[in-house]
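J.: return a 3D structure for these sequence lines:
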Amino acid sequence: MRTDLFDFELPTERIALRPAHPRDSARMLVVEPGASLHDRGISDLPQWLKAGDQLVVNDTKVISAQLRGRRLGRETEPKIEATLIKRLDGSRWQALVKPAKKLSRGDVVRFGNEGRVCLLGHLDAEVEDKGEDGAVTLSFSFHGPTLDSAISDLGSPPLPPYIASKRAPDEHDADDYQTMFAVNEGAVAAPTAGLHFTPALEAALREHGVGLHRITLHVGAGTFLPVKADDTSEHKMHSEWGAISPATAEALNAARARGGRVVAVGTTSLRVLESAATENGEIRPFDDETAIFITPGYRFRAVDILLTNFHLPRSTLFMLVSAFSGLETMKRAYSHAIESGYRFYSYGDACLLVRSPD
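T.: Below is the predicted model of the structure:
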């Protein structure tokens, strides 16, 4: 399909720079089959679900993936910013760097100038490889848990560019940009639909008879980037690591057999579930990379309802929700959301998409 079909105009004032407080006070646009729209709030979520439905959340934890330092070993030592986007092994990460033209293979970048990492208070990394898109492979001087501690000590929250370009990260983001379910470190972007949840909302859902299950997808920075190709068939999707335990897969399959619906909290949860599903909709245990790219025409096998935020134009995420509810339906829903003052993107409001029965 043509990428421009997924474009739309969004006033900059609709981009949320801070989350709603409390988290479950955010607004929620319910989109039912037939493009029926309802203005509600996140706290109303239990009313739109049924006893026996199963909520699936992503328990990934965002790391402090934004690092700042300088290049060493030449006449000049320009400042370098790096955003870690994918762990390759115990000591190597793929990263996006700025300015990329200042780095070559073999260069050493020193990140930080204070902290608890070592006596010198810094972390060194060698540029092992360099791609044409600004991505580099960094080989760090530490390994495993020691490297993780160093990154946590010297890094900062990797806020999306549409927020970071308007304000600097601060101490509030360390909490605001993590979900209440975050336990498994590895994401460089938050699974933002999960940001709306509070213990009170979880308790209300359980009281209503809705189950809750945790799976993992370590979200990469490429999730939120616009598709630059003119046609979706020419876009190369990034890969991310995900996992579904055997116990969770068994519980979800049993609930669906009893008539319960699977409710994915976020496109990240949906992508893992669909990657793990067989043709007949059975969810299997999963522990692998996934580069699933969902566009209109895709037949959903595992997910019946999707809770998600409002996404960027021309992004793979807007393509996904258009596949889930229909392109024209989502254009109408987004137009309504813009006119009604909904807040967009990572810190914004949510929409609840109910898929038509097959």
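
J.: list the buried residues of the helix or strand bottoming out on mean pLDDT in the chain.
T.: Within the chain, no helix or strand scores below helix 161-164, which has a mean of 86 by mean pLDDT, DSSP states H and E. For helix 161-164, the neighbour count (16 or more other Cβ atoms under 10 Å) marks Tyr162, Ile163, Ala164 as buried. Yep, even glycine has a C-beta here, placed from its N, CA and C like the rest.

J.: ok, stretch 316-332 next?
T.: 316-327, 329-331.

J.: one step back: so what touches the least confident helix or strand of the chain?
T.: Residues outside helix 161-164 that contact it (Cβ atoms under 8 Å, 6 or more residues apart in numbering): Ile15, Leu17, Leu312, Tyr345, Ser346, Tyr347.

J.: what's the nearest residue to Ser64 if we skip its chain neighbours?
T.: Nearest residue to Ser64 in three dimensions, chain neighbours excluded: Gly155, at 3.0 Å (Cβ to Cβ, 6 or more residues apart in numbering).

J.: name all residues that make contact with that neighbour.
T.: Ile63, Ser64, Ala65, Gln66, Leu67, Leu84.

J.: excluding chain neighbours, give the residue nearest to the first one in space.
T.: Sequence neighbours aside, Glu185 is the residue nearest to Ile63 in space, at 5.4 Å (criterion: Cβ to Cβ, 6+ apart).

J.: now the helix or strand where the one you found lies, how far from the centre of its chain.
T.: Using DSSP states H and E, the element containing Glu185 is strand 184-187. Relative to the centre of its chain, strand 184-187 is centred 11 Å away, using Cα atoms, centre = their mean, to the nearest Å.

J.: direction included, what does that strand pair against?
T.: Strand pairing for strand 184-187, determined by DSSP bridges: strand 60-62 (parallel).

J.: what does the strand it pairs with contact?
T.: Taking Cβ under 8 Å, 6+ apart as the rule, strand 60-62 contacts 157-158, 177-178, 182-191, 216-219, 268.

J.: what residue is smack in the middle of this structure?
T.: For the chain, Pro191 is the residue whose C-alpha lies nearest the centre (Cα atoms, centre = their mean; 3.8 Å).

J.: residue contacts, that residue?
T.: Contacts for Pro191 (Cβ under 8 Å, 6+ apart) come out as Val57, Asn58, Thr60, Thr179, Leu217, Val219, Val265, Gly266, Thr268, Ser269.

J.: for the closest residue to Tyr342 other than its chain neighbours, give me its contacts.
T.: Excluding its sequence neighbours, the residue lying closest to Tyr342 (Cβ to Cβ, 6+ apart) is Asp349, at 4.7 Å. Residues in contact with Asp349 (Cβ under 8 Å, 6+ apart) are Ala16, Ala20, Ala26, Arg27, Met28, Leu29, Asn309, Phe310, Ala337, Tyr342, Arg343.

J.: give me the subset of the residues you listed lying in helices.
T.: With helices taken from DSSP state H, the overlap with the contacts of Asp349 comprises Ala337.

J.: low-confidence stretches in the protein?
T.: Low-confidence segments of the chain, defined by pLDDT under 70: 113-120, 133-134, 223-225, 357-358.

J.: flag every buried residue along the strand holding Glu185.
T.: Asn184, Gly186, Ala187.

J.: same list, those residues, but as TSV with distance to Phe6 please.
T.: Formatted as TSV, these follow (distance: Cβ to Cβ, whole Å):
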residue	distance to Phe6
Asn184	31
Gly186	29
Ala187	25
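
J.: my read is that Val109 contacts Arg68, right?
T.: No. Checked against Cβ atoms under 8 Å, the pair Val109 and Arg68 is beyond contact range at 9.8 Å.

J.: any residues in contact with both of these two?
T.: Shared contacts of Val109 and Arg68 (Cβ under 8 Å, 6+ apart): Ile80, Ala82.
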